[in-house]
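1. what follows is a predicted structure for the sequence shown.
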Amino acid sequence: MSNDETILPVPVIILEDEPIIQNRLRRILTDLGYENETLHFVFNLKEAFEKIEEIPISLALVDLGLPDGNGVEFIEKLRERDSSALILVISAWSTQSSLFSAIKAGATGYVLKERDDSEVLLAIRSILRGGAPIDPFIAREILSQIAAQENSQDKSEHREALPSDMEALTNREKEILDLVAQGLSNREISEQLFVSRYTVESHIKHIYRKLSVSKRTKAVSAARTLGII
């Protein structure tokens, strides 16, 4: 039992093909309070499958990139045998697809190998206490993707809300309106687009008419509300 009275589930299987990482994980688990005789190290899927036939596993630390396959296969096999087993992926693979595959297969948590010993230890401790730790780097990527998807959906909904009788802006009008939103004057817009100031003013008048506004600020506000820019 560890110093903070966390109950340590045993036996433990460590599926990792690199001896250096094996030794690192042995040290971390020992620091948590595990005895060496409760730790079972295997180098590949074949050894891992054989081991779970021999003994019931309570905690598994699993690498994904293995000499004879993907650690996800072992996660699925272990989860089929014991739905209560705790499974923490410790991998160098940082893609969302790797995370989703592991979680779908039955992993309880996911941490990157690049984390220092204290962070890996905290991830294991979280698992033992009923948590589901996800590496901060991957979690941040997922949150960014969710935010981008929601923003895209909001814009799509705004576009769907455009009045059916409203005349759509041309690509050139959208381009000019975007420059207006950036704070450029008519002269600056004409210089940037290599057109006359009269042409810019003409386009802006068309924009006002289509958006039913009479000022630049209101045109920008209306366009943003409608998801045009």
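-> All right, it came through fine.

2. any idea how far residue 38 is from residue 99?
-> Taking CB to CB, to the nearest Å as the criterion, residue 99 is separated from residue 38 by 28 Å. All C-beta spots, glycine's among them, are computed from the backbone N, C-alpha and C.

3. same deal with residue 88?
-> Counting by CB to CB, the separation of residue 88 from residue 38 is 16 Å.

4. higher neighbour count, those two?
-> Between residue 88 and residue 38, residue 88 has the larger neighbour count (other CB atoms under 10 Å), namely 22 against 14.

5. and the more buried one, what does it touch?
-> Taking CB atoms under 8 Å, 6 or more residues apart in numbering as the criterion, residue 88 is in contact with 59-62, 107-111, 123-124, 127, 133.

6. does residue 42 touch residue 12 like I think?
-> No - in this structure residue 42 lies outside contact range of residue 12 using CB atoms under 8 Å: 11.2 Å.

7. so which elements touch whichever strand or helix holds residue 179?
-> Under the criterion DSSP states H and E, the helix or strand holding residue 179 is helix 171-181. Secondary-structure packing of helix 171-181 (3 or more CB pairs under 8 Å, 6 or more residues apart in numbering; DSSP states H and E): helix 186-193, helix 197-211, helix 216-225.

8. ok and that helix relative to helix 197-211, angle-wise?
-> 90 degrees (axes from the mean of the first three to the mean of the last three CA atoms, to 10 degrees).

9. just want the angle from helix 171-181 to helix 216-225.
-> Inter-element angle recorded for helix 171-181 and helix 216-225: 120 degrees (by the same axes, to 10 degrees).

10. and this protein, what are its domains?
-> Structurally, the chain divides into domains by automatic domain parsing as follows: 12-137, 161-225.

11. let me see the mean pLDDT of the lengthiest strand in the chain.
-> With secondary structure taken from DSSP state E, the chain has its longest strand at strand 86-91. Confidence over strand 86-91, taken as the mean pLDDT, stands at 98.

12. again, but for stretch 23-39
-> For stretch 23-39, the mean per-residue pLDDT is 97.

13. that one: end-to-end distance?
-> 11 Å (CA to CA, to the nearest Å).

14. distance between it and the chain's centre?
-> In terms of CA atoms, centre = their mean, to the nearest Å, the centre of stretch 23-39 is found 30 Å from the chain centre.
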